[in-house]
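Engineer: Coordinates for the following, if possible.
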Amino acid sequence: MPILGIMASSISGSKSSSYESIASVTATGVETQLTFSSISSTYTHLQIRGIARYSVAGGTDDNLYMRFNGDTGSNYPTHWIDGNGSTVSAANIAPWDRMLIGKITAGSAGANMFGACIIDIHDYASTTKNKTVRHIAGDDMNGSGDVWLGSDLWMNTSAINQITMFCSGIFASGSTFALYGIKG
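Structural biologist: Sure thing, here's the model as predicted:
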């Protein structure tokens, strides 16, 4: 994933040495969710870089979702803008039970096509404020697809120690998310 690393470094303006690899999770083709757990509170911020594909046929792309600490309450308002080459849309979602991160490639798209995402989680270890998330995601299917920019809020002051990624079904084999800690 060197291209994502270069993009992330240039987007944030940080040197790549300020990012420390914490863990990665890779689907084998049977997982409905991929989880980072027991996340240390030793960093200032977190970043997730991922490539993913939804393995079930039906459509060419699907939504990618995220939750913190197993929280399934209506605690995640989302704002986003989405463009697909011919139309642009924007919306907000009142607090619901998950964050909407963007689009990933679905099973009906061409073989070996994956969506990509970069997710920044700010002040994840703080116990005095709600957590903010910003993300860029997209999928390209040889000329069609989406680019997604968004932000989310987790209305909870607990430190984040678990992050779960999921879609509407099963992640395709090779879907991978890497978690990085960002030093202060």
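
Engineer: quick one: low-confidence ranges for this protein?
Structural biologist: 1-17 (pLDDT under 70).

Engineer: Which stretches in it count as helices?
Structural biologist: With helices called from DSSP state H, the chain shows them at 2-12.

Engineer: What segments of it are strands?
Structural biologist: Along the chain, counting by DSSP state E, strands occupy 19-26, 33-36, 45-52, 61-68, 76-83, 88-96, 99-105, 115-122, 131-140, 145-154, 163-166, 176-182.

Engineer: Burial-wise, tell me which of these comes out on top.
Structural biologist: strand 99-105 (a mean of 26; mean count of other Cβ atoms under 10 Å). Using the backbone N, CA and C atoms, a C-beta is placed for each residue, glycine as well.

Engineer: what does it contact?
Structural biologist: Contact partners of strand 99-105, identified using Cβ atoms under 8 Å, 6 or more residues apart in numbering, comprise 52-54, 60-67, 76, 78, 80, 82, 93, 113-115, 117, 119, 133, 135-139, 141, 145-146, 148, 150, 152, 154, 165, 167, 175.

Engineer: ditto for stretch 21-35
Structural biologist: Residues from elsewhere that reach stretch 21-35, judged by Cβ under 8 Å, 6+ apart: 36, 39-40, 46, 52, 55, 162-166, 169-181.

Engineer: Mind doing that once more with 7 Å?
Structural biologist: 36, 55, 162-166, 169-181 (Cβ atoms under 7 Å, 6 or more residues apart in numbering).

Engineer: could I get stretch 75-85 in CSV with only the CA atoms?
Structural biologist: Taking C-alpha atoms only, stretch 75-85 is exported to CSV below (Å, rounded to 0.1, in the frame of the first residue of the first chain):
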residue,chain,number,x,y,z
ASN,A,75,-24.3,8.1,18.3
TYR,A,76,-22.8,8.7,14.8
PRO,A,77,-23.9,11.7,12.8
THR,A,78,-22.3,11.8,9.3
HIS,A,79,-21.7,14.5,6.6
TRP,A,80,-20.5,13.6,3.1
ILE,A,81,-20.1,14.7,-0.5
ASP,A,82,-20.0,12.1,-3.3
GLY,A,83,-19.1,12.5,-6.9
ASN,A,84,-19.2,9.9,-9.7
GLY,A,85,-18.0,11.7,-12.8
